[in-house]
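Asker: dropping the sequence and predicted coords here.
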Amino acid sequence: MTDFKERVILITGGSRGIGRTIAESFSEDGATVIVTYRNSIEEDHFNSKGIKHFQCDVSDMKSVQAMVDSILKDYSKIDVLVNNAGITKDGLLMRMSEQDWDAVIDTNLKGVFNMTKAVTRSMMGKRYGKIINITSVVGITGNAGQANYVASKAGVIGFTKSIAKELASRNINVNAIAPGFIETEMTGRLSDEVKQSYMNMIPLKKFGKSEDIARAVKFLAGDDSDYITGQTLCVDGGIVM
Ligand code: NDP
C-alpha cells in the first residue's frame, strides 16, 4: 500500500460530493491535502481535519496560477492533482443557451487545462507527478440533454491521452476516471424518473458512492499504478463495457 504521508495532494471542487470524499480519504492517510471550491465551504469542518482550502474558480487562469504559486511556496511541490471540479447545465440543444454552453466548457474542460498547465512545470522539475481527471461515462456514451457536459467530459478524455503522451518522459502519469451514477448533490437534483432510467442501465443494479470513486483515485495516485498512463477507468457498475 502506498504511504501518502509525504505527498502533497491538490483536489479541485473538494468542498462537496466526490471531491470532499477524496480529500477526506487522503487526509485520513496522513497526506497534505488542499482543496479548492468556488462558492462556499464548511471552514470549521475542513480546518478540524487539517485540510487546507482555497477559493479559486478553476476557469480563471490568473486565480489558478496565483493559487498554485502560493501552494508551491508553502509546500515546494504538488505530487498529485485531482481535477474534479465540475458542473452541469442540462438542456436539449435547441434550448441550450450560449451561456450554459460556455459555463460548462469553461469549468469542466478549460478548468482542467488551467490546473494541469499550472502544476506541470513543478511536476516536471521534480520528475514526478500523478494527474487524475474526473470525467464521466457520458463522455464515452453521449447523453441526450447534456451536449455541453458530454462535450466537456469527452474533451477531458482526449486531453488526458495527449498530456499523458507529453509528460510520460518526465515520470508523470495522467489518467482519467469516468464515474457512472454517483449519489451526490449533482445527481440528487434529478427526478425519480430519470434516476430509474439510469438504474435500468446499470448491470450491478445499484448507484455508486463517492467512496467508490475515492478508492479508484487512490489507486491511480499511488505507486501500484506506476505503469498505467493515458487510461480512462470507468467506475460505473458496468454501464460501459
Ligand atoms: P458536486 O456538485 O457535488 O460538487 C462540485 C464541486 O465542484 C464543488 O466543490 C464545487 O464548489 C466545485 N466547483 C464547481 N465549479 C467550480 C469552479 N468553477 N471552480 C472551482 N470549483 C468548482 O459534484 P459531484 O461531486 O457530483 O461531481 C464531482 C465531479 O465528478 C464532477 O466533475 C462531475 O462532473 C463528475 N461526475 C459526477 C457524477 C455523479 O454521478 N455525481 C457522474 C460522473 C461524473 P462550490 O460548492 O463552491 O460550487
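Answerer: The structure has been received and is ready for your questions.

Asker: check this protein and tell me which residue is nearest its centre.
Answerer: residue 84 (2.0 Å; C-alpha atoms, centre = their mean).

Asker: what pLDDT does residue 189 get?
Answerer: On the pLDDT scale, residue 189 is placed at 87.

Asker: quick one: contacts of the lowest-mean-pLDDT helix or strand in the chain?
Answerer: Counting by mean pLDDT, DSSP states H and E, the weakest-scoring helix or strand in the chain turns out to be helix 185-188, with a mean of 86. The contact list for helix 185-188 (C-beta atoms under 8 Å, 6 or more residues apart in numbering) reads 16, 17, 86, 88, 181, 195, 207. Where you see a C-beta, it was placed from the backbone N, CA and C, and this is true even at glycine.

Asker: filter these down to the ones near the ligand?
Answerer: 16, 17, 86, 181 (C-beta under 6 Å from any ligand atom).

Asker: following the least confident helix or strand of the chain, which helix or strand shows up next?
Answerer: Toward the C-terminus, helix 185-188 is succeeded by helix 192-199 as the next helix or strand (DSSP states H and E).

Asker: and that next one, what other elements does it pack with?
Answerer: For helix 192-199, there is no helix or strand it packs on, judged by 3 or more C-beta pairs under 8 Å, 6 or more residues apart in numbering; DSSP states H and E.

Asker: still on that earlier bit, wait, isn't the residue nearest to the centre of the chain in contact with residue 22?
Answerer: Yes - taking contacts as C-beta atoms under 8 Å, residue 84 lies within contact range of residue 22: 6.6 Å.

Asker: any common contacting residues for these two?
Answerer: Common neighbours of residue 84 and residue 22 (C-beta under 8 Å, 6+ apart) are 11, 14.

Asker: residues in contact with the longest helix that the chain contains: which ones?
Answerer: The single longest helix within the chain, with elements called by DSSP state H, is helix 147-167. Under the contact criterion C-beta under 8 Å, 6+ apart, helix 147-167 has outside partners 83, 86, 88-90, 93, 96, 100-101, 103-105, 107-109, 112-113, 116, 120, 123-124, 129, 131, 133-136, 138-140, 142-143, 173-176, 178, 229-230, 232.
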